[in-house]
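A.B. asks: sequence plus predicted model, see below.
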Amino acid sequence: MTLLQKIVFRYKITTGAFKARRLLFFTLLFKRCYYGPFKGEFGHLLAHNLPFIAYLHSKGVKIRYCGIELHKPFFIDEKGEPLVSEYTALDDFFMEAQPDSNKVDEPARIRKVTLEFIRKAKRSFLPFWNMNDETFYWYTFRWWTVKHSFMKTNDLSKSRTSRKESSVVIFPRKKGPATHVNNGEAWDYKELAEAVSPYFDKVYVIGHPAFSSEFDSFGKIEVCIAPDNKMILEKCCKSSLIITPHSGTVYLGEYTDCPVLIIYKGGNVIGNIEETKKFKLAVGNRYPFSYAFNMEEIVTFIKNLNTI
């Protein structure tokens, strides 16, 4: 990066907070805004976008939102009322392209919708929270909402009729041949599901096909790998524990009133976990993270959990 580029970058960061304050002022003044397009990772939805949208909703703001249709089941408050007044839905394209934060090389049909949403937002003269502005989103918005507590997390289990049961949810994160310091090595999820099954009446193995390993259901173990966040939300809300590698699903416990066990294979130092913990505290602290680094620790944790 050249000196000029560094100066320009620093300028954008410095002005980002002023932009955010100005946007919030007019959003609360007009009680109307555009927000999006959000086409990114599930963890970014749960940690950064949904809490701020819920905050604006709690202030009576009518939000015109653009995001993935798959995420819509999470856009309700604790009474089951919608968080946004308009939802411009994007098809689930994760089998075609996978996002990084809110960046993705989306298919042409998706880009057509997002560009039209941006055009309408800019022509409306209403406040526009443009999540396509990568510098603003990554370096300003995520941290600004945390610093000023412009966040609200709804316990979505309160709007569900299903009661807690003796069940556990496992998210079988799919990995490529390489090991990443944030996620560790790949687990044998069939073995893991079998190992925890004696301690629950039901074991749900769930996740999106683009991000999940899959195997056949057997015994108490029900494998439900599908692009269906309504189903995922229901399973988590009625379960006693969520088991997941370090990924966006770690925030689900705060939305579903369920403890989370983060599993990591390949040492005991989880990459980037401190940043995740900071955002988790902002999302909520009903259940602090717990950790296990091998199969024995997973089973021991569950034994202790079941004796509480």
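C.D. replies: Thanks, I have it. Numbering: from 1, shown residues only.
A.B. asks: how close does the most centrally placed residue in the chain get to Arg142?
C.D. replies: Per Cα atoms, centre = their mean, the C-alpha nearest to the average position across the chain is that of Gly43, at 2.7 Å. Per Cβ to Cβ, to the nearest Å, Gly43 is found 11 Å from Arg142. For glycine as for every other residue, the C-beta is placed from the backbone atoms N, C-alpha and C.
A.B. asks: same question, Thr14
C.D. replies: For Thr14, the distance to Arg142 - Cβ to Cβ - is 16 Å.
A.B. asks: more neighbours, the two?
C.D. replies: Arg142 (21 against 10; other Cβ atoms under 10 Å).
A.B. asks: for that one, which non-adjacent residue is spatially closest?
C.D. replies: The shortest distance from Arg142 to any non-neighbouring residue, by Cβ to Cβ, 6 or more residues apart in numbering, is to His48 (4.9 Å).
A.B. asks: confirm the residue nearest to the centre of the chain sits in a helix?
C.D. replies: Yes - according to DSSP: H, G, I helix; E, B strand; the rest coil, Gly43 belongs to a helix.
A.B. asks: correct me, but it touches Thr244?
C.D. replies: No - using Cβ atoms under 8 Å, Gly43 is not in contact with Thr244; the gap is 10.5 Å.
A.B. asks: got the phi/psi numbers for Cys224?
C.D. replies: phi -130, psi 60 (degrees, to the nearest 10).
A.B. asks: so what's it closest to, chain neighbours aside?
C.D. replies: Ile206 (4.8 Å).
A.B. asks: pull the CA coordinates from the helix or strand hosting the one you found and hand them back as PDB.
C.D. replies: Here Ile206, judged by DSSP states H and E, is contained in strand 202-207. Provided in PDB are the C-alpha atoms of strand 202-207 (Å, rounded to 0.1, in the frame of the first residue of the first chain):
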ATOM      1  CA  LYS A 202     -32.100 -37.300  20.300                       C
ATOM      2  CA  VAL A 203     -29.100 -36.100  18.400                       C
ATOM      3  CA  TYR A 204     -29.800 -33.600  15.600                       C
ATOM      4  CA  VAL A 205     -27.000 -33.200  13.000                       C
ATOM      5  CA  ILE A 206     -28.000 -30.000  11.100                       C
ATOM      6  CA  GLY A 207     -26.600 -27.400   8.800                       C
END
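A.B. asks: all the helices of the stretch 201-308 of the chain, in order from the start?
C.D. replies: Along the stretch 201-308 of the chain, counting by DSSP state H, counting those that start in this stretch, helices occupy 229-238, 252-256, 273-283, 295-305.
A.B. asks: and for Gly43 and Thr244, which residues touch both?
C.D. replies: Both Gly43 and Thr244 are contacted by Val250, under the criterion Cβ atoms under 8 Å, 6 or more residues apart in numbering.
A.B. asks: confidence score at the residue nearest to the centre of the chain?
C.D. replies: pLDDT, Gly43: 96.
A.B. asks: and what of Leu3?
C.D. replies: As predicted, Leu3 sits at a pLDDT of 80.
A.B. asks: next one: Leu50
C.D. replies: The model's pLDDT for Leu50 equals 98.
A.B. asks: swap in His180?
C.D. replies: For His180, pLDDT reads 69.
A.B. asks: pretty sure Asn130 contacts Phe136?
C.D. replies: Yes - the criterion here is Cβ under 8 Å, and Asn130 meets it with Phe136 at 7.2 Å.
A.B. asks: which one of these two is surrounded by more residues?
C.D. replies: More crowded of Asn130 and Phe136, by other Cβ under 10 Å: Phe136, with 22 against 19.
A.B. asks: residue contacts, that one?
C.D. replies: Contacts of Phe136 (Cβ under 8 Å, 6+ apart): Lys12, Gly16, Lys19, Ala20, Asn130.
A.B. asks: mind giving me the domain split of this structure?
C.D. replies: Domain segmentation of the chain under automatic domain parsing yields 3-147, 156-305.
A.B. asks: ends of the longest one, what's the gap?
C.D. replies: Spelled out, it's domain 156-305. With Cα to Cα, to the nearest Å as the measure, domain 156-305 spans 23 Å from end to end.
A.B. asks: what stretches of the chain score poorly on pLDDT?
C.D. replies: 1, 161-162, 175-180, 306-308 (pLDDT under 70).
A.B. asks: not counting sequence-adjacent ones, nearest residue to Gly271?
C.D. replies: Gly271 sits nearest to Val181 (Cβ to Cβ, 6+ apart), 3.4 Å away.
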